[in-house]
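Peer 1: below: sequence and its predicted model.
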Amino acid sequence: MRDIRRSLLAGLGALGLALTAVFTAGPAGAAPAGAAPENRDFGQVLTMPAAPPASALPAGAAAEPPTAWPKPNKILHVAARESITCESGNLCTATYDPTRGDYVVYYFYYCDTYTLSNWVGTGSYRNSQTGGVTAHFYGKDGGTVTSVGPGGSSNSYNWSPIWSLKNC
């Protein structure tokens, strides 16, 4: 009986420690570990361009929405000419979604190479990453088309030649 109680108490103690670790741990931040809170950039504004006229969309563009793989940290839809905050630590991109008639905004937080599909026409981007990180946009052949340094942005960027990006 004593061994059963001991095992039960040990199991409850381990469960308590595991739950404490789960509920007290916060999400991983992209800011450098030594950065003081008062020096952190809490985000920058990213403005969507005007919606393209139907004649500017390539044939078949309405068939598929734009996608990114692996899935970015956050995805939202925003109307043309609206502004959003690109939170600190993210590379934010916006491309027109002809299936919804608005812009889809991707927040790339985790360092990775992302494959882009159906990113056609004009959109925007803002590099709000911390630690001096430069993002790279790649073409069909894998060569660098554009590099975007910290704080870099464009509210009228042509995504058509971009097939992938690396946010770090």
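Peer 2: Nice, I can see it. Computed from a predicted model, the values in this text were never measured in an experiment.
Peer 1: which residues in this structure form strands?
Peer 2: 44-47, 67-69, 74-78, 83-86, 91-97, 102-108, 113-117, 122-127, 135-138, 144-148, 153-158, 164-166 (DSSP state E).
Peer 1: shaky segments in the chain?
Peer 2: For the chain, applying pLDDT under 70 flags the ranges 1-43, 53-63.
Peer 1: on that earlier part again, most tightly surrounded among the strands of the chain?
Peer 2: Compared across the strands of the chain, strand 91-97 shows the largest average neighbour count, a mean of 28 (mean count of other Cβ atoms under 10 Å). All C-beta atoms are positioned from the backbone trio N, CA, C, and that covers glycine.
Peer 1: adjacent strands (with direction) for that strand?
Peer 2: Looking at strand 91-97 with DSSP bridges, its partner strands are strand 102-108 (antiparallel), strand 122-127 (antiparallel).
Peer 1: turn those into TSV, columns for distance to E87.
Peer 2: Shown next, in TSV, are the strands paired with strand 91-97 (distance: least, Cβ to Cβ, whole Å):
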stretch	distance to E87
strand 102-108	7
strand 122-127	10
